[in-house]
Structures are given as structure tokens and as C-alpha cells.
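1. structure, please.
(chains A and B)
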Amino acid sequence: MIITPVLILSAFLFVIGAFGVLVRRNAIIMFLCIELMLNAVNLTFVALSRVVGIEGQIFVFFVMTVAAAEAAVGLAIIISIFRHYETVNVDNFNLLKW
Amino acid sequence: MIDILFYVFAALALGGAMGVVAGRNPVASLLSMVVCLASVACIYVLLEAHFLAAVQIIVYAGAIMVLFLFVIMLLNLGHDYQPDLKAGLWSLLAFGLSGAMFGFLGRQFWGSSAMIATAGAAVDAQVEQYGAIGAIARPLYTTYVVPFEITGILLLVAIVGALVLAKRNV
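-> Predicted coordinates for the structure are as follows:
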């Protein structure tokens, strides 16, 4: 199987995720978009492991673990922010803005 | 045949990804995300990464997405229909930035087609010799055993951190 279309697909997925992070203001959806970007990078790793060797798949394994840890901690942060502000819209979290 | 399947799953993945960004309701976004993750898992199968396809379904589409769903339902965001898009100039800027990023990535990937002629030979030989899981497990427990152990510590830290952050009275 030719991997160039897979790489183009992963570029599309990454860009859609980045666009979502830039445009949406709902913290949970921004977080989902970050997962989408991680997923696109994983797809690139798997596709290129066809060329470079099995190491690409091992890196995907590590990226998935980091993504799981990140999701757990990030959602805990979102919960504790929600307790203070009663919203998950990031425009309302402007304590550090001047 | 494989190419047709790839394009079907690629279209599903792109549709799911756009659904994530476009969905008004967080639960709808999350379900689109599950579609996207499942199609990417199918593409992993097409790329002969069977173990990762299984892990993608179990860990990503299963565990992580259920965690998101729990949080959405815990915070009662399921019927939160207020528009939360950044308006006007900012979204135009974001569109331009994403377009530029895609141009750059696409140019890089399109130019890489020269090295793809021999795709898969080395990996296929390893899979043939050790099996689909053994081919990954062997380097994971020999060359990459230290990062693997550190990953375990990372997960422990994440568990403790998540508990401390989400507890009511810290």
C-alpha cells in the first residue's frame, strides 16, 4: 500500500484539530481537538513505520500512554475549574489577562 | 481493494474530525471523535499494525472517550447549545493559519514519495518471524525497556495528579 495518501490524510486530521483548538471556546472540545492532533501524529508514525522500521509503532505506543495520562489530568483540571467558574468556556478564564 | 477500503475509511475519519470541530453539542462532538478514532484504527489494520489497531479501539475509543463522556455528563454539558465559536477576524486568521500549516505539511509529505517504493519489506519480515505482537514486544522489552518503565511511573503520577486535582477539598 502506498503511504503518501495516508500521510496526506494525517496532515488533514492534524490541521482540522489545530483549527478546532483555535476556533472553539469550549474547553472539552478544545481538548478533544488536541486528542485529534495526537491521533494524526500517531497515524504518521504508523505510516512511516512501513518505511523506517517497527520503531514507529513503538513510539505510537508511548504517545498513546502519554495521551491517556494527559486526558486524565486535563479532565481533572477542567472539573476543578468548573467548580470555581460554573462554565467551561475558556473566554471566562481571564485571571491572567491584563 | 485495499486502496478502496483506505479511501472509505479516510473519508469517514475526515467526516468524524470535521464533526468534532463543527458539533454544537459536546456529546455529538465526542461521538464523531469515536467514529474518527475507529476509522483510524481500520487504517492501522490496512497498514499491518494490528496490535496498535486493537489498542486504539480499546484505549482510545474505549477508555479515553468514556472518560470524556463521564466528564461531560458529570458537568451536565450535554444540552449546552450556546455558540462558542470565536467570531469574525479571529476565525479567519485561524483558517489562514491552518491552511498554511496544511500547505507546509502537504508539501513535505508529497515530496517524500521517492523513499516509499520499498515500503513495508523490513516490518513484514519481522512480523513474519515473531508474529504481529512479538514484533512490537521484542524491541519494547529490550531496546526500549527504560522508556517503557518510565511510562509506568508517568501513569502512576497521572493517577495521583488526577485524584488530587479533582478532589473537592484539597
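
2. which neighbouring elements make contact with the lowest-mean-pLDDT helix or strand in chain B?
-> The weakest-scoring helix or strand in chain B, judged by mean pLDDT, DSSP states H and E, is helix B:121-130 (a mean of 77). Counting contacts by 3 or more Cβ pairs under 8 Å, 6 or more residues apart in numbering or on different chains; DSSP states H and E, helix B:121-130 is packed against helix B:132-141. Quick note: C-beta positions are derived from backbone N, CA and C, even for glycine.

3. show residues contacting the helix it packs on.
-> Outside of helix B:132-141, the residues within contact range by Cβ atoms under 8 Å, 6 or more residues apart in numbering or on different chains are A:54-55, A:57-58, A:61, B:48, B:50-52, B:123, B:126-127, B:129-130, B:148.

4. by neighbours, which of the residues you listed wins?
-> Using other Cβ atoms under 10 Å in any protein chain shown as the neighbour criterion, B:Leu52 leads the contacts of helix B:132-141 with 27 neighbours.

5. do whichever helix or strand A:Ile78 is part of and chain B meet at all?
-> Using DSSP states H and E, A:Ile78 sits in helix A:55-85. Yes: Helix A:55-85 lies within reach of chain B by Cβ under 8 Å from any Cβ of the partner chain, at A:55, A:57-58, A:60-62, A:64-73, A:75-80, A:82-83.

6. quick check: mean pLDDT across that helix?
-> Regarding helix A:55-85, the rounded mean pLDDT is 91.

7. tell me how far it is from the chain's mean position?
-> 9 Å (Cα atoms, centre = their mean, to the nearest Å).

8. ok, of the residues of helix A:55-85 next to chain B, which come out buried?
-> Among the residues of helix A:55-85 next to chain B, those buried by neighbour count (16 or more other Cβ atoms under 10 Å in any protein chain shown) are A:55, A:57-58, A:60-62, A:64-65, A:67-73, A:75-79, A:82.
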